[in-house]
Structures are given as C-alpha cells and as structure tokens.
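Enquirer: task: produce atomic coordinates for the following.
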Amino acid sequence: MSKVLSSCPFCGSGCGLYLEAVDDQVLSASPQRAHPMSRGTLCVKGWNGHQIIHHQQRLNHPLLKQHHSFKSVSWQKAIQTVAKGLEDIKSRYGPDSIGVVGSIKCTNEANYVLGQFARAVIGTNNIDTSARFYQAPTMAALDKSLSPVAATASINDIEKSDTILLIGCNVKDEMAAVGSFCLQALHRGSSCIEMDYVRHELSPLFTLHLQPFAERILWVINAMIHHILSSKLYVNVQDTDLKDLAKEVEHFAPEQCEHISGIPAPDIIKAAETYATAEKSMILYGHGVTQSINSTQTIRALWNLALLTGHETGEGKGILPLMISNNLQGSWDMGLLPDKLPGQLTVDHADHRKQFETAWDCVLPETPGLTLTEMIDRIGKDIRALYIVGENLAWSAPDCKSVQKALEKLDFLVVQDLFLTETARRADVVLPAASFAEKDGTFTSTESRLQRITRAIPPVGSSKPDLEIITLLSGAMGKPIDKSPAEIFKHISQNVDRYQNIQFDRIGFNGGILLPKPEINKSILPGLDIKEMTDPPDQEYPYILIVERMPFHRITGTLTNYSFTLSKELLEGGVYINSQEARDLNIRTGWPVKIKTREGEVVRSVLADPSIPRKTLLVPVHHKNGLTLELLSPKVEPNSKTPNRICAAKLEI
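Expert: Sure, this is the predicted structure:
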C-alpha cells in the first residue's frame, strides 16, 4: 500500500490528508497529524470524498455529440473538434463571442494556463469562475484596500485572538476545521460573537449570538461603528476619515437600529465594546455576508470596523473571508477574473499587460471582459460559445432553469469535468478530467496557504489532468505551452509577486507555505448606497426564504453525490420552519410541502425547529424534487454582480 500526502479538495480550510492506494485504487483517506490545519482530524467530506475517484460513472473517454447523442472518440479527434469549433466562432463573431469559465477546484497551474489560453490564444478577457456566485463582493469591496485581495489573518490566528466576530456562516457545517479553531479559542477564554439570520448547532457555546432580520447585518455593523465613534473607542485614524465615517453612520445609532435590525441596542453595544476594547480581535465572514444585496457595502463596513479599532492585521488580528472552495483564492491569484491578470494586476493598465505580453509572447486585449453572470445573461447575443472547466452551471447558478435553457442556445459548448454533469449533457464536446488524486499541482487556501497535491494513482481510464488538456488544446490552436506543473509553477513564481522565490519541489508537505499577507491601504472606505431586498415578502409571498448549505455535501453536491457514504445522508431536501408556526399551519416534521417563489417551485420535507424565526424558511441546497437554486432570483448585487441567496416565498400544503 502506498500512502501519498495531499490536500483536501473540498472547502477552503486546506486540510492535509493521506491517500492510501493499492494497485492504482485509492482505498481510503486519513488526516495528517502534523498539519497545522487538520491536526489529525478531517470533516465528513474529507474522510469520504475520495470515494468519487473510482465511481462507475466517471468519464473515461472524450465524448462528441452527434445527432443528439454522445459517441466516444479519441483525444486527437476531441481536441481537433474543440480547436476548430472555437476558431470558427472566433473568426465569425470575434474573440469576445467566446467565454471561458474556470474552476475554483482546479490547481493553480491549470488555472494559470487557462487564463493564458483565454487571453493569449482566444484573445478575450471573458474569463471568470463560480467565485462570482459566492465571494466576488470581497474583491469588489477590498480591491483598493488590499494588494492583492486576500485574508489579512491566518486560521491559526483564531486561537491567538481575544475576540472573534463570526458573521454569516454556519462554521461547523461549512468549514469544520475553522469551527474547531473557534471552539479552541473559546476554551482558552476568548470571546466569540456570532451574527447570522438563524441559530446554529454551535451558537449556544458562543459568547453572544446576534440574530438580525434578513438583509440587516449591515445595519448592525454600522451601529457598532457608530457606538465606537461616539464612545471614542477607536485608535489612530485620520481626522478626515473619522469625519467622513461619522457622517456615513450618523443615522445608525444602536437605539435607532434596534427595531429595523431586530437586535436590542444593549447587545449591539456589547458586541461593539467587546470587539473594540480587546487587545486582539478578528473578523470571519461567510456567504451570509457575500450573498446579500448589500454584500459589497457590508464588507467595506467590516473593513472600516477593523481599521477603526486597529485590528486590521497582526497576530490574532485581521479579517478572514471564509471561502467555499479549496482553491478560490488561488483562482484569483492566477487571474481568473475578467478584469485581472495573474497577481490580480488590472488588465486595463498598460504596464501590467506588457509584463504578460512579454511572458506569453502575445498581444493582450485591453478591455475588461464579462463576469460569469454577464456571460450567462448574454448567451445567444454577444456570447456564442463557452469553454467550461470543472463547473456545473446548470445546477450551481441561481435561477438554474433559465441557465439550462440558455446553455442550449449556444452555438458551441465544451465541458471539461469528471462526470457527465447536467451542464456536460448539454455540451457538444465533453473532455474527461482527472481528479485531485490523479495529478500534481498546488492549491491556495482561504488563508493563502500554498500546498502541494501529489498524484497517488494514474488518471482513471483515458482521462487527463486539466493542465494537460488545456495545453493540448492550446497547441492545437497554434500556441504551444509548457505542460508540467513544475514548469508552469516556475512561470507563476516569476510573474506573481506573492509566489516569488518559491520552488515547486520545495513546497513542504507539513502545511506548505503561508504566503505573505497583502499590503494594506489604511484609508477608511467610502460608503455605497444601501439597498433594500430586491424580492421582498408581500401578501402573496409572505415568507423570507434563505438558502443554506449542508454539512454532507458541497454546494450543489455535484461531486459529493458520487461518494456512496455522503450520498446516503440527507437523501431528501428539507425546509426548516419555526416550530410554533408549523403547529399553527397544522404541519409536522417529515410532511411534504411545496415551496413557491416568483422564479420556481420545489417540494421539500418539513423540519420544524424552534430556533428558526417566524415567517422564515431555511432551505438547504438540494437536487431531489426540484433544485433549490431554481427558487432564487437572477438579480445580482450591482457592484460585484453576485446573486442573492434570499427571496420571498410561500408555502402550499
């Protein structure tokens, strides 16, 4: 039996694990005891996620659609077909008629080359990832404050912090390793203030739980800032910044925000004073912040709160976005954004373009491209073809029924994935990709920890690593690119500042390398217009529906559904409703109900829970009896183009 050290491919925690293989079969996964994150533990996905590797539905051969059905073809035929299809679209409609969708799960090396392929081979800045759905407001909010946009604290800082402000995240279910660090900090005597629309399993253990009304987190943060300013609990901040900030929050006194936010003024004051007066305080935030109509403004307010109190960075201090996927941060660093090159350099800056024109021997497009939500919206108009790598848009995009119809309007669709996903079924060509256990490369976690993954077995069937597929395609289109992860990482280290002077073979296996923290601009950020819900409850749709994630699955479950252990959990989707409200409606746990919104409907089983606020429906992402994301509106937060996870709904019994 071989025991190969790797990094978990699921959430952004970046836990170290061993893959145990015999005769080219991965039999089990186990935690790495010496790893600074996992410390000898894994969550349920880490223990069981390896089961996807040898699932009988893994794609083994390239597929070409002929007469509405797929036929297995050779790699040569598949690559030639894709190259010709993209070249035909480019020649007829121009390079900006093609969109490239990268993956927050692929390695840094594959993502770097995918960006090079989009910009230097196709000639378009239309490149983005599903990070647009989850974490783009962080980039929009902090782009002028952090260079590059990344965490200013590490996960290990949690245990060194005196006060932790945890906002918009069910940390136990979504990032269990981070949750364990929060519990260790509590055990050591730290304070932990949780703010979310619902109570979670760990909520009773925290020092203070603030449960605001839906879309009212921003009001609470502004009220905290108001109290800190009026009580002079701030540290050295420029007078002009103080005046501007005071004016911005002048109508957000805790007493004024009490009724609109649902949080008693004494609790707001206690949270503000606990955070501000602690020697070391941290902010952790998740999708409850980033998938809201005021997401960009809320993150700006959180950053201002940290600056105001001197907690923006340092041991036990800082701000830590809790990223949903193993390499979301890496995808940003590698330039998988429509307005950013590798290193998060802007595409519309001549010197930045010149650097990569020299590195890639090409002329780069100058105008920022379309975001993922914009690409989807313009299918059949400006966008005629998509090359999608490792993303199931047909299930992961909000209002996914409309997305499924849009994908069918494309002139040419190429999908590269492990399974024949709902998106791949609509493709003209499907390219079978290797899993994390079948390739080498690096990931960059939510705390900017750079780690190696190592090939434990050869690729299953005739599947290939993403990096190899992209380089084959690039070569077929007349632009050969180096193929090995080590060679590509050398290019990265030469062109991306944070990765400079790092050698691929010297990235240690005991937790890798924690990359340098970003440079900080300490100016207070100006406010933005505060928006109300785009889809508020009314007489017809009286409930507020909040989409939540599940502990046993990842996002839509596209991968975890293929783990026989994880797929047995939560076989049916549920809807959490206030227990008293359930009694008033004469419904019980386990009974089926129909949930309707202005966009769609699903059937779910009732889960009565006294912690759920009245007139609120908490619906975990699920796929059986209707896709949860079909319920959501396609409307986006204007600054980041990120969709919302909250809308109005009604119940039919």
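
Enquirer: where along the stretch 301-450 of the chain do the strands fall?
Expert: Using DSSP state E, counting those that start in this stretch, the strands found in the stretch 301-450 of the chain span residues 318-321, 340-341, 345-346, 385-389, 412-417, 429-432, 441-444, 449-453.

Enquirer: how about the stretch 451-600 of the chain?
Expert: If DSSP E, counting those that start in this stretch is used as the criterion, the strands of the stretch 451-600 of the chain fall at 513-514, 519-520, 543-548, 574-578, 592-596.

Enquirer: the longest strand along the chain - what's its average pLDDT?
Expert: Taking residue count as the measure and DSSP state E as the definition, the longest strand of the chain comes out as strand 601-609. The predicted model assigns strand 601-609 a mean pLDDT of 94.

Enquirer: run the chain-centre distance for it.
Expert: Here strand 601-609 shows a centroid-to-chain-centroid distance of 26 Å under the convention Cα atoms, centre = their mean, to the nearest Å.

Enquirer: check stretch 7-21 too.
Expert: Taking mean C-alpha positions (Cα atoms, centre = their mean), stretch 7-21 and its chain are 17 Å apart.

Enquirer: that older thread, so which of the strands of the stretch 301-450 of the chain is nearest residue 489?
Expert: In this view, those are compared for proximity to residue 489 by Cβ to Cβ, and strand 441-444 is the closest at 6.6 Å. Heads up, the C-betas are built off the backbone N, CA and C, glycines and all.

Enquirer: neighbours of the closest residue to residue 649 other than its chain neighbours, just the number please.
Expert: Ranked by Cβ to Cβ, 6 or more residues apart in numbering and with sequence neighbours excluded, the top spatial neighbour of residue 649 is residue 545, at 3.8 Å. By the criterion of other Cβ atoms under 10 Å, residue 545 has 26 neighbours.

Enquirer: relative to residue 646, how far out is residue 545?
Expert: Between residue 545 and residue 646 the computed distance is 7 Å (Cβ to Cβ, to the nearest Å).

Enquirer: ok, residue 403 next?
Expert: 19 Å.

Enquirer: mind listing what the residue lying closest to residue 143 once chain neighbours are set aside touches?
Expert: Leaving aside its sequence neighbours, residue 143 sits nearest to residue 149 (Cβ to Cβ, 6+ apart; 5.9 Å). Counting by Cβ atoms under 8 Å, 6 or more residues apart in numbering, residue 149 makes contact with 138-139, 142-143, 332, 344, 518.

Enquirer: assign residue 149 to helix, strand or coil.
Expert: Per DSSP: H, G, I helix; E, B strand; the rest coil, the secondary structure class of residue 149 is coil.

Enquirer: if we can go back for a sec, take the strands of the stretch 451-600 of the chain and lay them out in JSON lines including distance to residue 348.
Expert: Supplementary listing: the strands of the stretch 451-600 of the chain in JSON lines, determined by distance: least, Cβ to Cβ, whole Å:
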{"stretch": "strand 513-514", "distance to residue 348": "31"}
{"stretch": "strand 519-520", "distance to residue 348": "21"}
{"stretch": "strand 543-548", "distance to residue 348": "35"}
{"stretch": "strand 574-578", "distance to residue 348": "45"}
{"stretch": "strand 592-596", "distance to residue 348": "43"}
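
Enquirer: can I get these in CSV including distance to residue 72 and mean pLDDT?
Expert: Conversion of the strands of the stretch 451-600 of the chain to CSV gives the following (distance: least, Cβ to Cβ, whole Å; pLDDT from 0 to 100):
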stretch, distance to residue 72, mean pLDDT
strand 513-514, 41, 96
strand 519-520, 51, 98
strand 543-548, 37, 95
strand 574-578, 39, 95
strand 592-596, 40, 96
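
Enquirer: to residue 253, which of those lies closest?
Expert: Smallest distance to residue 253 across these (Cβ to Cβ): 25.5 Å, for strand 543-548.

Enquirer: CA atoms only for the closest one - export them in PDB, please.
Expert: Once non-C-alpha atoms are left out, strand 543-548 reads as follows in PDB (Å, rounded to 0.1, in the frame of the first residue of the first chain):
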ATOM      1  CA  TYR A 543     -42.100  34.300   3.900                       C
ATOM      2  CA  ILE A 544     -38.400  35.100   3.700                       C
ATOM      3  CA  LEU A 545     -36.600  32.200   2.100                       C
ATOM      4  CA  ILE A 546     -32.900  31.800   2.900                       C
ATOM      5  CA  VAL A 547     -30.800  29.200   1.100                       C
ATOM      6  CA  GLU A 548     -28.300  27.300   3.300                       C
END
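
Enquirer: show me what that strand is packed against.
Expert: In this structure, strand 543-548 packs against strand 616-620, strand 646-652, with contacts taken as 3 or more Cβ pairs under 8 Å, 6 or more residues apart in numbering; DSSP states H and E.

Enquirer: which of these sits most buried?
Expert: For these, average neighbour numbers computed from mean count of other Cβ atoms under 10 Å are highest in strand 616-620, which has a mean of 22.

Enquirer: helices or strands next to that one in the packing?
Expert: Contacts of strand 616-620 with other secondary structure elements, assessed using 3+ Cβ pairs under 8 Å, 6+ apart, are made with strand 543-548, strand 574-578, strand 601-609.

Enquirer: for the helix or strand following that strand, what is the average pLDDT?
Expert: Helices and strands here follow DSSP states H and E; after strand 616-620, the next one along the chain is strand 636-637. If you average the pLDDT over strand 636-637, you get 94.

Enquirer: which residues does strand 636-637 contact?
Expert: Residues outside strand 636-637 that contact it (Cβ under 8 Å, 6+ apart) are 137, 292-296, 373, 531, 642-644.

Enquirer: and those residues as TSV, adding distance to residue 231?
Expert: Below are the contacts of strand 636-637 laid out as TSV (distance: Cβ to Cβ, whole Å):
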residue	distance to residue 231
137	29
292	28
293	30
294	25
295	28
296	27
373	41
531	29
642	34
643	38
644	34
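
Enquirer: closest to residue 131 out of those?
Expert: The nearest member of the contacts of strand 636-637 to residue 131, counting by Cβ to Cβ, is residue 642 at 9.2 Å.

Enquirer: quick check: chain neighbours aside, which residue is closest to that closest one?
Expert: Computed as Cβ to Cβ, 6+ apart, the closest residue to residue 642 that is not its neighbour in sequence is residue 136, at 4.7 Å.

Enquirer: pretty sure that neighbour is in contact with residue 374, am I right?
Expert: No. When contacts are counted by Cβ atoms under 8 Å, residue 136 is not listed as touching residue 374 (11.7 Å).

Enquirer: quick one, which of the two is more surrounded?
Expert: Shown here are residue 136 and residue 374; by other Cβ under 10 Å, residue 136 has more neighbours (29 against 18).

Enquirer: for the more buried one, give me its contacts.
Expert: Applying Cβ under 8 Å, 6+ apart to residue 136 gives the contacts 290, 371, 640-642.

Enquirer: look at residue 339 and say how many residues are nearby.
Expert: Counted by other Cβ under 10 Å, the residues lying close to residue 339 total 19.
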